[in-house]
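Peer 1: Any chance you could fold what I've pasted below:
(one chain, ligands or ions: 2)
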Amino acid sequence: MTRYEEAKLRYAALGIDTEQAIERLSQKAISMNCWQGDDVTGFDNPDGGAGNGIQATGNYPGRARSFAELKADFLQAAALIPGRKRINLHACYAVFDEAHPLVDRDKLTYEHFAPWVAFAKENSLGIDFNPTIFSHPMMKDGLSLSSPDEKVRRFWIDHAIACRRIAERIGQELDDMVLNNVWIPDGYKDTPSDRLGPRLRLQAALDEIFAEKCPHVIDSVESKVFAIGVESYTVGSNEFYMNYAATHPGVYNLLDNGHYHPMEYVSDKIPALLPFFDRIPLHVTRPVRWDSDHVVIFDDELREIMKEIVRNDAMDKVLIGLDCFDASINRVAAWVIATRSVHKALLWALLQPDEELRTAQDAGDFTRRLMLQEEIKTLPFADIWEEYCTRQDVPADGSWYDAVMEYETKVLVERT
Ligand code: RNT
Ligand code: ZN
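Peer 2: Residues are numbered from 1 along each chain as shown. Ligands and ions are numbered 1, 2, ... in the order given. Model prediction:
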């Protein structure tokens, strides 16, 4: 008997079907954020880098500096990751060439993303999209859609409308739904003298942005609790967007697990939203103190998030996307570690004795519930994960790292 066959029996004794878990896992696409490959720099301001509302730290060699490099790095990472994939694009990754020279963000069109669609088709990827409302001179006093300056607001509303049209066309081309997520960094460092005004302006801006029907687009809005330089007030807070989404059918509230107070858990927010929304877009990241974007690892909260998705039968409702970036380590490895961790945690969640756990809870048998939750941890999970990687034709844990290091030596180091 192979190690997998033995493990399969151990799980079967608890009523858990490992074959079914593997099959369900292989159906779930994970959206990989393109901005991990170049520290959120994009192609429309290559010398500027991230700024005006977003920040990546570190200077590890080998950042992708072009469309060609970013595609190559993404494919290198993807080759080491099991499962279905989507690529999450930001508008600042518009591809400019002789036929389509640089334009400002309010003038972007589908043509600037047609090369990404070709890339997606060649590699069987889905695409998700985001307006890029940061790292740009039209951010004024740290504000965009909530700015008191009509010109600033107009520019960003036009940009967001352009992005929705682009997302719609991408969806048509791929015959798929495209998540188009709006996140803005607007807020104040110090105590505001008007907290309502900016929110009313943001509300009116969103109404304009979402006015057009885009049947291939899933719209979402993403809140944040605070950020560096925006410590006192965030316009797009949790309450604001949650209520916006609740009152605007077709607009969803995106949960980023780096965007809440440290004692709040997205694993608990998912089942709080499920009674009200048929979709929950998710940004999976790893909050560390004041930062929201560390590389995702196989930790308790990631497993808890995936457990809530699986045991509430929400694998089709929760749209899982990564949102982490780290410029201080090998960026391809960062993609691999983060995305493999998500798949691993989903597999973990698919291998829980959910029925028994629920029965124990409903019977008030909390002792048994705790015992089961603990004992499951020492089942031979690694053997199921390894089997999954093998069937998906990607390296198991312990054997992908060399490929990344070779790529670093041959390709990445040459870029500096
Ligand atoms: C920032 C938000 C947002 C961004 C991306 C680049 O805190 O999480 O989702 O990370 O849009
Ligand atoms: Zn996010």
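Peer 1: who in the protein is up against ligand 1?
Peer 2: Neighbours of ligand 1 within the chain, by C-beta under 6 Å from any ligand atom: 35, 40, 54, 90, 130, 183, 222, 224, 256, 283, 292, 323. The way it works is simple: take the backbone N, C-alpha and C, and place the C-beta from them, glycine included.
Peer 1: wait, what's in contact with the fifth one?
Peer 2: The neighbourhood of residue 130, defined by C-beta atoms under 8 Å, 6 or more residues apart in numbering, consists of 88-91, 163, 180-183.
Peer 1: same thing but at 6 Å, please
Peer 2: Neighbouring residues of residue 130 by C-beta atoms under 6 Å, 6 or more residues apart in numbering: 90, 181.
Peer 1: Quick one: residues in contact with stretch 397-415.
Peer 2: With C-beta under 6 Å, 6+ apart, stretch 397-415 has contacts from 61-62, 76, 80, 330, 332-333.
Peer 1: Let's see that with 8 Å instead.
Peer 2: By C-beta under 8 Å, 6+ apart, stretch 397-415 touches 61-63, 65, 69, 72-73, 76, 79-80, 330, 332-333, 336, 340, 382, 385-386, 389, 394-395.
Peer 1: What is the distance between it and the centre of its chain?
Peer 2: 24 Å (C-alpha atoms, centre = their mean, to the nearest Å).
Peer 1: what about residue 204, distance to residue 177?
Peer 2: As defined by C-beta to C-beta, to the nearest Å, residue 204 lies at a distance of 27 Å from residue 177.
Peer 1: no, scratch that, I was asking about residue 336
Peer 2: On the measure of C-beta to C-beta, residue 336 and residue 177 end up 26 Å apart.
Peer 1: Residue 273 now?
Peer 2: Residue 273 is 19 Å from residue 177, by C-beta to C-beta.
Peer 1: The two: who's more crowded?
Peer 2: residue 273 (20 against 16; other C-beta atoms under 10 Å).
Peer 1: quick revisit: of the residues of the chain next to ligand 1, buried ones?
Peer 2: 35, 40, 54, 90, 130, 183, 222, 224, 256, 283, 292, 323 (16 or more other C-beta atoms under 10 Å).
Peer 1: show me what contacts residue 27?
Peer 2: 84, 315.
Peer 1: Read off the pLDDT value for it.
Peer 2: Looking at residue 27, its pLDDT is 98.
Peer 1: same check, this time on residue 49
Peer 2: 78.
Peer 1: Quick check: closest non-adjacent residue to it.
Peer 2: residue 41 (5.1 Å; C-beta to C-beta, 6 or more residues apart in numbering).
Peer 1: tell me what the longest helix along the chain is packed against?
Peer 2: Looking across the chain with DSSP state H, the single longest helix is helix 150-174. In terms of contacts (3 or more C-beta pairs under 8 Å, 6 or more residues apart in numbering; DSSP states H and E), helix 150-174 is packed against helix 114-122, strand 126-130, strand 178-182, helix 196-209, strand 217-222.
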